[in-house]
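Asks: take this sequence and fold it.
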Amino acid sequence: MGLSIDNIRLLTLTQRKADLEYNIAIDSMEKMAITREQSELSSEYYSRLQSKNIAYYANGKYNQMSYSYLMGTGFTTAMDIAAGETTMYKKDNSMVLTDAFGRVVMSDAYANVLRKVLGTSCVDANGRGGTFSVDKIPAIIAELGGANCTEEKVKEIIDGGKLQYGYNVSTVNTLSGETTGTNKEHDASDTLTSMVERIVNFFYPIFQAAAANGWTTEYNQDMQTNTNYVSDALVTGSFQLAQVNCEGNYEPDTSLTYFVTSGLVLERTDSDVREQVTAWYNARKEEISFKESMIDIELQDLSTELEATKTEMESIKSQLEDDMKPFEWCT
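Replies: Predicted structure coming up:
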């Protein structure tokens, strides 16, 4: 009975020993992977420290280049532009963002307007739209501009005209609230013309370039999830800045260097970015160190249990040998 129990215990311990050795091997491989991860993190950190970024200067500070700054985003942009708010947008309306193929990079809001005016077939499954007639641009801008920016008004401004607009006003006694004068027509033509002009001046080059060169929305998800995407893409060349001429074509020899030299964008590596990169590096290094410490603890526990298992196996083998001695005469 004792021999059977000892043999069962030995088989069980042998299986446990194999499991422990397997888990130790897995943890050792994971530790090697963490070592590679640490090395890759260090390489990426030093690479980021040396990399350049594209920025612009406004409101007394350097700002990270974004799609909103270069192209606006849609309806909110039109409201800001109409109100005369320009500090948050590019200084040159004829500068537009394109991909490496020359297609204008469009926001989802712009794409929705294009679908509404041009029809749903204007864009393929990948978010890429073809060229279209410039005659459609007034309707597109009107969709973005709001109630005071009709297609007819946009056409008038594009043609260099002035909008006519007035409304009646009356003199009112501020104490009694009674009307004390006759109605007079207030001429608001200059105000309305200026408002629509600002909207047209901002949006027309964008859609004129799209009409002549095509457009795409395929990068929108990346831009939404990665705040560095526009800057990084401009540095690598997968995005381009283009100068739109009066025909909607791109001026030649207007590379990133041209816009940097013109002062429209800045190419730099500043201390703020280095601090952000260092903070990211330290956080990732801490995560990796924590994973490594957990594996070290597990390896230590597994090794301790393995040694104890081996010791117990040796004890059982010794006991089995002693139990078998009385039967040696049988041989």
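
Asks: so what's Tyr57 up against?
Replies: Contacts for Tyr57 (C-beta atoms under 8 Å, 6 or more residues apart in numbering) come out as 63, 266. Yep, even glycine has a C-beta here, placed from its N, CA and C like the rest.

Asks: wait, a strand at it?
Replies: Yes - residue state for Tyr57 (DSSP: H, G, I helix; E, B strand; the rest coil) corresponds to a strand.

Asks: roughly how far does it sit from Glu286?
Replies: Note on Tyr57: its distance to Glu286, by C-beta to C-beta, to the nearest Å, is 34 Å.

Asks: count of neighbours near Pro252?
Replies: Neighbour count for Pro252, taken as other C-beta atoms under 10 Å: 8.

Asks: to clarify, my last question referred to Gly72.
Replies: Per other C-beta under 10 Å, the neighbour tally for Gly72 reads 23.

Asks: name the nearest residue to it, sequence neighbours excluded.
Replies: Spatial nearest neighbour of Gly72, chain neighbours left out: Tyr89 (6.3 Å); criterion: C-beta to C-beta, 6 or more residues apart in numbering.

Asks: hmm, the one you found is touching Ala78, no?
Replies: No - with contact defined as C-beta atoms under 8 Å, Tyr89 does not reach Ala78; the gap is 11.3 Å.

Asks: overlap in contacts, the two.
Replies: Here Tyr89 and Ala78 have Gly72 as joint contacts, going by C-beta under 8 Å, 6+ apart.

Asks: quick one: which of these two has more around it?
Replies: Legend: neighbour count by other C-beta under 10 Å for Tyr89 and Ala78, higher for Ala78 (22 against 19).

Asks: that one and Asn148 touch, don't they?
Replies: No - with contacts counted by C-beta under 8 Å, Ala78 stays clear of Asn148, the gap being 10.2 Å.

Asks: and Gln240, helix, strand or coil?
Replies: Under three-state DSSP, Gln240 falls in the strand class.

Asks: which residues sit in contact with it?
Replies: Contacts for Gln240 (C-beta under 8 Å, 6+ apart) come out as 97-100, 102, 234, 255-256.

Asks: measure it to Tyr229 for me?
Replies: 14 Å.

Asks: ok, now Lys116?
Replies: 27 Å.

Asks: what's the answer for Arg268, then?
Replies: 18 Å.

Asks: those two: which has the busier surroundings?
Replies: Tyr229 (20 against 14).

Asks: so what's the more buried one up against?
Replies: Per C-beta under 8 Å, 6+ apart, neighbours of Tyr229: 219, 222-223.

Asks: what does Asp190 give?
Replies: Asp190 touches nothing, counting by C-beta under 8 Å, 6+ apart.

Asks: what strand or helix carries it?
Replies: helix 189-213 (DSSP states H and E).

Asks: buried residues, that helix. List them.
Replies: 192-193, 195-200, 202-213 (16 or more other C-beta atoms under 10 Å).

Asks: go on, stretch 118-128?
Replies: By 16+ other C-beta under 10 Å, the buried positions in stretch 118-128 come out as 118, 122-123, 127-128.

Asks: ok, stretch 212-225 next?
Replies: In stretch 212-225, counting by 16+ other C-beta under 10 Å, buried: 212-217, 219-220, 223.

Asks: next: stretch 84-96.
Replies: Residues of stretch 84-96 classed as buried by neighbour count (16+ other C-beta under 10 Å): 89-90, 92-96.
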